[in-house]
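Colleague: just coords:
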């Protein structure tokens, strides 16, 4: 394997191992293996001179600035002329060798290196003046901070955020209106942050697409040679193909297929003459350089008929309109739905059921309505929320109208509670992912927990739900039947009472001898008598069962299930009152969950982090420098391995 490719591979492997160990408390490789790979990375970095920004061998300090300074570019950054016609591309190339590559959809950034070190990064800005973002560029996910070349280097590239990262970031944002519209907008804001720590969290990538200056390097008058040289310096360079006019159609067809699978956002292609001197000899117009041309795909559009508007409640209270239309083929896939975003856009399109509309895929990916040909007008905005049946409201914020459900107890707003309810440590119901739960709540099948056990009322509708089917429905029904038999601690945890996790639920059930009536009528004074149950936890617990609606919902749920007694625990409670943390790999037990079960059966408690309340940290690598070991040493907590643990509590 190429040494620079091995560097990137090692960085990825080691960072993944560190994340698993320090953030997820999960050891995916031994310290010995980690140290070996780390030493290999250090040696390769020293040998090649390439050090990536996210390498575990360096630690880039985050910086905060009050403003981004402006800087004029040495030469204006002109845009390329554009076409949507493949024939025009072929004619541009003629018989000359050209390089065809992605036109990435992010923010153009100019990087400067001196003596092998990144010294400056500037945004494109208006083409004449950009903003200096050097601190932020140093925390881009894949930018080399050091390279083997020691001369003065200037290059351009696109700062981008991948679709997969964009989706994750948006999923963490509760307010629908606050979600980012596309990866480009998110990237632009991320690159231009005043605090580089924010930039680092956004997973910005840099993809080089032009070499501007490299002193005393002979590129044999070839742009392709420049690209290869940049790759050898450790940069990720835009994907490309060498073409002439004769094979242009096939090359564009390749990129047209690839864009559908691409994780990088792209809004077209760029064609450049490979012959650098020839390209420069053509000069430029006042707007465009003549050495290249950009290509944008002609959006494939299709006419169809709008069947209806589906109103989809969200956890923020917004009820979002989705256009459902007769199936059409676009870019090789069947499309039946497109988000309309809000009432204002519906009004702008004068969109009503039965209208003849034109649809397309923005950037060949996201279905959109481009035009309404018949414009019958907006009608049938629902007066009640599909998820809870309460009256809806139309809000007008800065001229944008949205439909909203004001009911604080609307099930659509509490999707996380339902996700917890069906999870493995709670009711353990297979076949109900968060996405499926959202669909069923939006459709009005689920208004409370008990409704999950009554889903057979909607057999036909569920079988015909996109992504479901007869087999999925049958599997779900089987899972629901199994879930009707549940131990009390799992049932108690499934209710989502604030601060009551699985371990606390077990402690409460044990204290009250698994008598649910005593549990639901427990007082704060009784609860705080239980070891590890504090005042606030007790208050929240009592508050939950003091609510009449909560009790009514619990009663309806109890009619659907059977509370079963836990298996008799004959183990002597030798660990009563002790709190353990388990970290690293285990040898005497099948996994760490088995260690946890062993401790809990003997009256102990297992937590995820080391605190002053921890009695023992179990780690087979007693001498490791892990964060948990360091914390235990700071607090004077005894660190023991499995052998010592079993000797103490056989």
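Modeller: Alright, I've got the coordinates. Not measured: the values here are computed from a predicted model. Numbering: from 1, shown residues only.

Colleague: what helices or strands is the longest helix seen in the chain leaning on?
Modeller: The longest helix of the chain (DSSP state H) is helix 3-22. In this structure, helix 3-22 packs against helix 31-48, strand 51-52, with contacts taken as 3 or more CB pairs under 8 Å, 6 or more residues apart in numbering; DSSP states H and E. All C-beta spots, glycine's among them, are computed from the backbone N, C-alpha and C.

Colleague: just checking, what packs against the shortest one?
Modeller: Of the remaining helices and strands, those touching strand 51-52 by 3+ CB pairs under 8 Å, 6+ apart are helix 3-22, strand 144-146.

Colleague: so what strands line up beside that strand?
Modeller: strand 144-146 (antiparallel) (DSSP bridges).

Colleague: let me see the mean pLDDT of the strand it pairs with.
Modeller: For strand 144-146, the mean per-residue pLDDT is 93.

Colleague: how far off centre is that strand?
Modeller: For strand 144-146, the gap between its own C-alpha mean and the chain's C-alpha mean amounts to 26 Å (CA atoms, centre = their mean, to the nearest Å).

Colleague: contacts for that strand next, please.
Modeller: 45, 49-53, 58, 60, 116-118, 138, 233-235 (CB atoms under 8 Å, 6 or more residues apart in numbering).

Colleague: farthest-separated two in the residues you listed?
Modeller: The distance between the two most remote of these (CB to CB) is 19.0 Å, for 60 and 233.

Colleague: what pLDDT is listed against the residue sitting furthest away from the middle of the chain?
Modeller: Relative to the centre of the chain, the most outlying C-alpha is that of residue 281, 46.2 Å out, by CA atoms, centre = their mean. Confidence at residue 281, expressed as pLDDT, is 93.

Colleague: next: the one 10 residues further on.
Modeller: Per-residue confidence for residue 291 comes out at a pLDDT of 92.

Colleague: for it, give me its contacts.
Modeller: Residues near residue 291 by CB under 8 Å, 6+ apart: 272-273, 278-280, 282.

Colleague: excluding chain neighbours, give the residue nearest to it in space.
Modeller: The shortest distance from residue 291 to any non-neighbouring residue, by CB to CB, 6 or more residues apart in numbering, is to residue 279 (2.9 Å).

Colleague: who are the packing partners of the helix or strand hosting the one you found?
Modeller: In this structure, residue 279 sits in helix 276-281 according to DSSP states H and E. On a contact count with 3+ CB pairs under 8 Å, 6+ apart, helix 276-281 meets helix 223-232.

Colleague: got the buried residues for the helix it packs on?
Modeller: 223-227, 229-230, 232 (16 or more other CB atoms under 10 Å).

Colleague: reformat the residues you listed as TSV; add pLDDT.
Modeller: TSV is the format used below for the buried residues of helix 223-232 (pLDDT from 0 to 100):
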residue	pLDDT
223	95
224	95
225	96
226	96
227	96
229	96
230	96
232	93
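
Colleague: which of those lies closest to residue 623?
Modeller: Among the buried residues of helix 223-232, residue 232 lies closest to residue 623 (CB to CB), at 40.9 Å.

Colleague: centre-most residue in this structure?
Modeller: So for the chain, CA atoms, centre = their mean, it's residue 168, sitting 1.7 Å from the centre.

Colleague: can you give me phi and psi for that residue?
Modeller: phi -60, psi -40 (degrees, to the nearest 10).

Colleague: swap in residue 82?
Modeller: phi -130, psi 150.

Colleague: residue 207: neighbouring residues, count only.
Modeller: Applying other CB atoms under 10 Å, we find 19 residues neighbouring residue 207.

Colleague: on that earlier part again, where among the helices and strands packed on helix 3-22 is the average confidence lowest?
Modeller: helix 31-48 has the lowest average pLDDT among the helices and strands packed on helix 3-22, namely a mean of 76.

Colleague: so what angle separates the directions of it and helix 3-22?
Modeller: Interaxial angle of helix 31-48 relative to helix 3-22 (axes from the mean of the first three to the mean of the last three CA atoms, to 10 degrees): 150 degrees.

Colleague: other SSEs contacting helix 31-48?
Modeller: helix 3-22.

Colleague: the nearest residue to residue 512 once chain neighbours are set aside: how many residues sit nearby?
Modeller: Spatial nearest neighbour of residue 512, chain neighbours left out: residue 518 (4.5 Å); criterion: CB to CB, 6+ apart. Residues contacting residue 518 under the criterion other CB under 10 Å number 13.
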